[in-house]
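Chemist: Build me a structure from this.
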Amino acid sequence: MAVTLTESAAGRVQTFLANRGKGIGLRVGIKTTGCSGLAYVLEFVDELDEGDEVFEEKGVKLIVDAKSLVYIDGTELDYTKEGLNEGFKFNNPNQKDECGCGESFTV
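Modeler: Here you go, the predicted model:
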């Protein structure tokens, strides 16, 4: 079981953490919301919670809670720029569908 990230995403997370001046890594998780039921959540982590799984890759620690890991196991986090838009993209092999606006997904 693992969550990974691309070189582009790793560089972006490292920059965010350096600018923030603190934090041990990035929490990758899910929440219940939207048309399709689930949405991704990203937030900085200053201390671990009980039951957190830590994946370290390319110098970045990704922290995932046990509930979220079931839905995002095998996911690759990427950082992309398309024209004027840029942001994190989730390549989740468990994702079956997403809503029309792209804000939520189902597994």
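Chemist: hey, let's count contacts and neighbours off CA atoms from now on
Modeler: Will do.
Chemist: List the residues that contact the residue most central in space within the chain.
Modeler: If you average the C-alpha coordinates of the chain and look for the closest C-alpha using C-alpha atoms, centre = their mean, you land on Val28, 3.6 Å from that point. Applying C-alpha atoms under 8 Å, 6 or more residues apart in numbering to Val28 gives the contacts Tyr40, Val41, Leu42, Glu43, Leu62, Ile63, Val64.
Chemist: Please enumerate the helices of this protein.
Modeler: For the chain, the helices defined by DSSP state H occupy 7-20, 66-72.
Chemist: closest to Lys58 out of these?
Modeler: With distances scored as C-alpha to C-alpha, the stretch of those nearest to Lys58 is helix 7-20 (6.3 Å).
Chemist: of all the helices of the chain, which lies closest to Glu82?
Modeler: Among those, the nearest to Glu82 by C-alpha to C-alpha is helix 7-20 (13.5 Å).
Chemist: and that closest one, which residues are buried?
Modeler: Within helix 7-20, the residues that qualify as buried by neighbour count (16 or more other C-alpha atoms under 10 Å) are Ala9, Ala10, Gly11, Arg12, Val13, Gln14, Phe16, Leu17.
Chemist: What is it packed up against?
Modeler: Applying 3 or more C-alpha pairs under 8 Å, 6 or more residues apart in numbering; DSSP states H and E, one finds that helix 7-20 contacts strand 60-64, strand 76-82.
Chemist: Among those, show me which one is buried the most.
Modeler: Per residue and on average, the most neighbours among the helices and strands packed on helix 7-20 fall to strand 60-64, with a mean of 24 (mean count of other C-alpha atoms under 10 Å).
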